[in-house]
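A.B. asks: Sequence and computational prediction follow.
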Amino acid sequence: MYNKFFTVEVKPVLPVATQIQSNASDLVFGGGDVIFDWAAFDVPKGASKLIDINVMVRGAQTVKPLQFIFGKANTDNSAPSSIGTGNATADGTGYYKNVLGSIQMDDTNFKVAGSTQLDNLTIGSLGHGAGADQTSTIVLEGRPESGVNLGYDKLYIACITSGGSGWNFSTGVLANATTEVGAATTFVTKTVDPRLFFDIGDVVHVHDSDTAIGTVESLTDNDINLEAVNGVAIATNDEIINASPITLILSFEK
């Protein structure tokens, strides 16, 4: 009998206030801080073995170890209680019975040293580091009938940084002029090339609001074109933030 493999992409949404300060100053994550709270994803019904986590983070980062926590839905199929506020300690309660396990990704798993690194994307995966690093052997199984579709169960993943301070999701991409993205879908940027931090399909915000400006349709070295207008005002020197600077590819064996 042949084993079956599948992958699931998860793009957690990080509230803007956890990524950057309201005055646009950097807000670096410290050791033990919540990177993102529970993010849901669906898997085929039944038990599956997690065999790898690939992490893609926008920008050149000062990496620190990450701890991923996996959980299942409540008995009413609602999400687990929060593990804590982003960019602060994981002081949440009420989710203990939801936890299925956790796994550590050591900082040596991130391909950020030497001439082989990518300039603007930080990538890590399990099983290639040292120290506290782990190779996954966790078997995960969601609560029956919790998935969005028949034949699927819902699982959850959350993340904290287990090293010192380092992770920073500020972009330095600034709006060149005051614009209301309600009259035109394109706005001009300055200081940093937006293509270093954003790609087509990304949802973008200004640094002091969780209301999305819109979804990126295309970019040049000094402007961002959105799929549609939504009337969000952009002030001169507003920093543009990516709602989901982290993408996870979870690999499973079934």
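C.D. replies: Perfect, I can see it now. It should be emphasised that the depicted structure is a prediction, and the values quoted were computed from it without experimental measurement.

A.B. asks: Under a three-state scheme, what state does residue 29 occupy?
C.D. replies: coil (DSSP: H, G, I helix; E, B strand; the rest coil).

A.B. asks: Neighbours of it, how many?
C.D. replies: Residue 29 is flanked by 23 other residues according to other Cβ atoms under 10 Å. Bear in mind the C-beta positions are built from the backbone N, C-alpha and C, glycine included.

A.B. asks: for it, what are its contacts?
C.D. replies: 35, 64, 87, 161, 165, 166, 167, 168 (Cβ atoms under 8 Å, 6 or more residues apart in numbering).

A.B. asks: so where is the protein shaky, pLDDT-wise?
C.D. replies: 1-2, 112-116, 128-135, 146-148, 180-183 (pLDDT under 70).

A.B. asks: Let me see the domain layout of this structure.
C.D. replies: Using automatic domain parsing, the domain parsing of the chain gives 5-168+245-253, 174-238.

A.B. asks: any idea how far residue 159 is from residue 32?
C.D. replies: According to Cβ to Cβ, to the nearest Å, residue 159 and residue 32 sit 12 Å apart.

A.B. asks: These two: which is more packed in?
C.D. replies: Remark: of residue 159 and residue 32, residue 159 carries more neighbours, 27 against 16, as counted by other Cβ under 10 Å.

A.B. asks: can you pull out the strands in the stretch 1-150 of the chain?
C.D. replies: 5-10, 34-44, 48-58, 66-72, 99-105, 121-125, 139-140 (DSSP state E, counting those that start in this stretch).

A.B. asks: tilt between the fifth one and strand 48-58?
C.D. replies: Note on geometry: by axes from the mean of the first three to the mean of the last three Cα atoms, to 10 degrees, strand 99-105 and strand 48-58 are set 50 degrees apart in direction.

A.B. asks: what's the angle between strand 99-105 and strand 121-125?
C.D. replies: Between strand 99-105 and strand 121-125, the angle formed by their directions is 120 degrees, by the same axes, to 10 degrees.

A.B. asks: Which of the residues in strand 99-105 are classified as buried?
C.D. replies: 100, 102, 103, 104, 105 (16 or more other Cβ atoms under 10 Å).

A.B. asks: As JSON lines, those with distance to residue 243 would be great.
C.D. replies: Converted to JSON lines, the buried residues of strand 99-105 look like this (distance: Cβ to Cβ, whole Å):
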{"residue": "100", "distance to residue 243": "26"}
{"residue": "102", "distance to residue 243": "25"}
{"residue": "103", "distance to residue 243": "25"}
{"residue": "104", "distance to residue 243": "26"}
{"residue": "105", "distance to residue 243": "22"}
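
A.B. asks: out of the residues you listed, who's nearest residue 74?
C.D. replies: Closest approach to residue 74 among the buried residues of strand 99-105 (Cβ to Cβ): residue 100, at 13.2 Å.

A.B. asks: give the contact list for the closest one.
C.D. replies: Going by Cβ under 8 Å, 6+ apart, residue 100 touches 70, 71, 72, 138, 140, 141, 155.

A.B. asks: Please name the spatially closest residue to it (chain neighbours excluded).
C.D. replies: For residue 100, ignoring the flanking residues on the chain, the nearest one in space by Cβ to Cβ, 6 or more residues apart in numbering is residue 70 at 4.5 Å.
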